[in-house]
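Novice: Have a look at this prediction, sequence included:
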Amino acid sequence: MRLTRFTDLALRVLMRLAVDDGDLPTTRDVAATMQVPYTHTAKVVARLQHLGLVEARRGRGGGLALTAAGRAASVGGVVRELEGADDVVDCEGSTPCPLRSACVLRGALRRAQEAFFAALDPLTVDSLVAAPTGPLLLGITGGPAGASGARSAERPGA
């Protein structure tokens, strides 16, 4: 199973927003940090907003923030939503496979795809930024050195 670039970028955007560096980055900031085109990042952010995982605040002091639902979201659920329910191989395509009605491989590939998603289900977006990933992300974004990486419920204003 291979993730699309869109899904890969969406997961990286969610991870970037899950680290606590005290600011609300703009879409341009996130694009620059991830070294990807702004237009791609803007499309990803729009989709994540539509899914209720990210909120965008406009105006002075605005930027992107992960919602509570985004923080607790299952990575498997996010990947399923972004990748869609299409089969790994398109047996019904423009030239349908003559074996499709009795193909053992087709069912095996569906099970393999679901196993892939199921392996991601226990992970949450918040868990993706535990050490060592969170501190590395903070280093990339210029956040405070030695920070834990995930927002702390104990800190005021976090």
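Specialist: Cool, the structure landed. This structure is a prediction, so every number in the text was calculated from the model and none was measured.
Novice: residue boundaries of the strands in the protein?
Specialist: 54-57, 63-66 (DSSP state E).
Novice: Mind listing residues that contact the last one?
Specialist: The contact list for strand 63-66, computed with CB atoms under 8 Å, 6 or more residues apart in numbering, reads 13-14, 17-18, 23-27, 29-30, 45, 53-57, 125. (Glycine included, C-beta is placed from N, CA and C.)
Novice: Select only the buried ones of these in PyMOL?
Specialist: Written as a PyMOL command, the selection of buried residues from the contacts of strand 63-66, which uses 16 or more other CB atoms under 10 Å, is:
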select buried, resi 13+14+17+18+25+26+27+29+30+45+53+54+55+125
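Novice: circling back to that earlier point, let me have the strands of the chain in TSV, extended by mean pLDDT and distance to residue 130.
Specialist: Below are the strands of the chain laid out as TSV (pLDDT from 0 to 100; distance: least, CB to CB, whole Å):
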stretch	mean pLDDT	distance to residue 130
strand 54-57	93	20
strand 63-66	94	15
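Novice: May I see those strands organised as a markdown table, with distance to residue 119 added?
Specialist: A markdown table is the format used below for the strands of the chain (distance: least, CB to CB, whole Å):
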| stretch | distance to residue 119 |
| --- | --- |
| strand 54-57 | 24 |
| strand 63-66 | 23 |
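Novice: Which among these is found nearest to residue 84?
Specialist: strand 54-57 (19.5 Å; CB to CB).
Novice: List the strands paired with the closest one, with their directions.
Specialist: Here strand 54-57 has these sheet partners by DSSP bridges: strand 63-66 (antiparallel).
Novice: Can you list the helices and strands that the lengthiest helix in the chain packs against?
Specialist: Ranked by residue count, the top helix of the chain under DSSP state H comes out as helix 104-120. Packing partners of helix 104-120 (3 or more CB pairs under 8 Å, 6 or more residues apart in numbering; DSSP states H and E): helix 75-83.
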